[in-house]
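**Q** okay, predicted coordinates and the sequence, questions at the end:
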Amino acid sequence: MIRSAVIADAHSITALWNDLIRETVVTFTTELKVCGDVEAMIMDPERSVLICE
């Protein structure tokens, strides 16, 4: 199921994203994320953050 992310997903998204940043080259960023930044992305009406369950 694919759904829109909610604030409760921010911690999991941050952990997964940071692991990808540290351990792979599949992302264009090298700066680790903080949960507050991910929460702001989720709340931004101009962005779409999706979760696959």
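**A** Arrived safely.

**Q** in the lengthiest helix in the chain, what's buried?
**A** Longest helix of the chain, by residue count under DSSP state H: helix 10-23. Applying a neighbour-count criterion of 16 or more other CB atoms under 10 Å, one finds 10, 13-14, 17-18, 21 buried in helix 10-23. C-beta coordinates here come from the backbone N, C-alpha and C atoms, glycine included.

**Q** most widely separated two among these?
**A** Taking every pair in the buried residues of helix 10-23 and measuring CB to CB, the maximum separation is 15.9 Å, between A10 and I21.

**Q** tell me the spacing between R47 and E39.
**A** Distance of R47 to E39, given as CB to CB, to the nearest Å: 12 Å.

**Q** who's more crowded, these two?
**A** Using other CB atoms under 10 Å, the more surrounded residue of R47 and E39 is E39, with 19 against 10.

**Q** where does the more buried one land in three-state SS?
**A** Here E39 is recorded as helix under DSSP: H, G, I helix; E, B strand; the rest coil.

**Q** who are the contact partners of it?
**A** Taking CB atoms under 8 Å, 6 or more residues apart in numbering, we find E39 in contact with 7, 10.

**Q** repeat the analysis, applying 10 Å as the threshold.
**A** 5-11, 13-14 (CB atoms under 10 Å, 6 or more residues apart in numbering).

**Q** identify the residue nearest N18 in space, chain neighbours excluded?
**A** Nearest residue to N18, sequence neighbours excluded (CB to CB, 6 or more residues apart in numbering): L32, at 4.9 Å.

**Q** the one you found contacts V38, correct?
**A** No: counting by CB atoms under 10 Å, L32 stays clear of V38, with 11.2 Å between them.

**Q** these two: which has the busier surroundings?
**A** Neighbours per residue, other CB under 10 Å: of L32 and V38, the larger number sits with V38, 22 against 12.
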